[in-house]
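Enquirer: Turn this into a model:
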Amino acid sequence: MVNFETLFIVLPVLTINFGTQPRLETAKSYSSLLCSTRARISLRITTYGALRVISLIGQKYGSKVELTRGWAYVLQPTPELWTLTLPHRTQIIYSPDISLIIHLMELRPGNVIIETGTGSGSLSHSLIRAIRPNGHLYTFDFHEQRVSIADTEFKKHGLNDFVTLKKRDVCLEGFGEELKYQIDAVFLDLPHPWLAIEHTTVALKKTGGKLCFFSPCIEQVQRTCTKLIYKGFIEIHTYECLQREMNVQYRSLPLLNLECLKYKHISEDIVQKNEKRKQEEKFLTVTHAYSLPGHTGFITIATLPPNYAFK
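Expert: Purely as a prediction, here's the structure:
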């Protein structure tokens, strides 16, 4: 149920999020965030008409809200909605790739993980959801402004207890002594991921762990995999995730009546009887999309065995 603690507005579908400093954020579509204000707003003018914000309080998630020129649904905030509406500061990773990354890294509540290349924070929100309530995400980015904005967003979304954001070039400086042998899994989204492999082996727990990296070019994958093999990683696999839509629907097709073949000479009476017997039957059919979304990147997963395996 909507309350003043969780209010975040997105149109044409509404999601609500009020924190300690209530605010209203409105998106014209899933792809753009229009504006944000920290003041409590009683009336909001949208593309679909006027919205009385106070009328949303107490509404159940999924309920339909009438506007002056249309309507919208109230949805609970999710990482998927944030991925669709966030302001792009960098190229982001979308939900199909994110779902595969989380699956391959075998993330679960309580994991302590590292993400390099915070960027716009698209993946970060999904990673945090996977490891909550007692896990923690350490995310790094070398760009000071991106770090500052991402930190503000994490606090606005109430996630600051589950994430630590640091400005650092991990390829040169590593992840820090405090994370030595403390990490369950590492994700790399870097132009040169092979430069961070050495630091990853020191960060992963002595019992082993997972390393996953996302690269748009196959040459990056080849060079990084060579380094992974050299450092003793095993079970190295590379995937490409393409989401293919299928349209499932019932279609009515006429049944073919072959009773007339029993007779050598077909009379008009037989033809009329056959026409009366014509029936249709519904069949469940599947049609595939004519085109697939373009290439986004290659996702590579590798396993670092426990330390005793090297002895």
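Enquirer: any idea how far D141 lies from G70?
Expert: Relative to G70, D141 is positioned 39 Å away (CB to CB, to the nearest Å). All C-beta atoms are positioned from the backbone trio N, CA, C, and that covers glycine.
Enquirer: ok, these two, which is more surrounded?
Expert: A count of neighbours by other CB atoms under 10 Å puts D141 above the other of D141 and G70, at 25 against 13.
Enquirer: Tell me how far the more buried one lies from E106.
Expert: In terms of CB to CB, D141 sits 25 Å off from E106.
Enquirer: show me where pLDDT drops low in the stretch 151-300 of the chain?
Expert: 256-279 (pLDDT under 70).
Enquirer: Can you show me the helices along it?
Expert: Per DSSP state H, counting those that start in this stretch, the stretch 151-300 of the chain carries helices over the ranges 170-173, 197-203, 218-230, 268-277.
Enquirer: Pull the contacting residues for I102.
Expert: S126, L127, A130 (CB atoms under 8 Å, 6 or more residues apart in numbering).
Enquirer: By neighbour count, which of the residues you listed wins?
Expert: L127 (27 neighbours).
Enquirer: Okay, and the beta partners of K210?
Expert: When assigned by DSSP bridges, K210 has beta-bridge partners A185, T303.
Enquirer: for it, what are its contacts?
Expert: Contacts of K210 by CB under 8 Å, 6+ apart are L104, M105, E106, D184, A185, V186, I301, A302, T303, L304.
Enquirer: Using ChimeraX, define a selection of the buried residues within these.
Expert: Typed into ChimeraX, the line below selects the buried ones among these, using 16 or more other CB atoms under 10 Å:
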select :104,105,184,185,186,301,302,303,304
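Enquirer: Centroid-nearest residue for this structure?
Expert: The residue lying closest to the centre of the chain (CA atoms, centre = their mean) is S95, at 2.6 Å.
Enquirer: Quick one, grab the pLDDT at that one.
Expert: For S95, the model assigns a pLDDT of 92.
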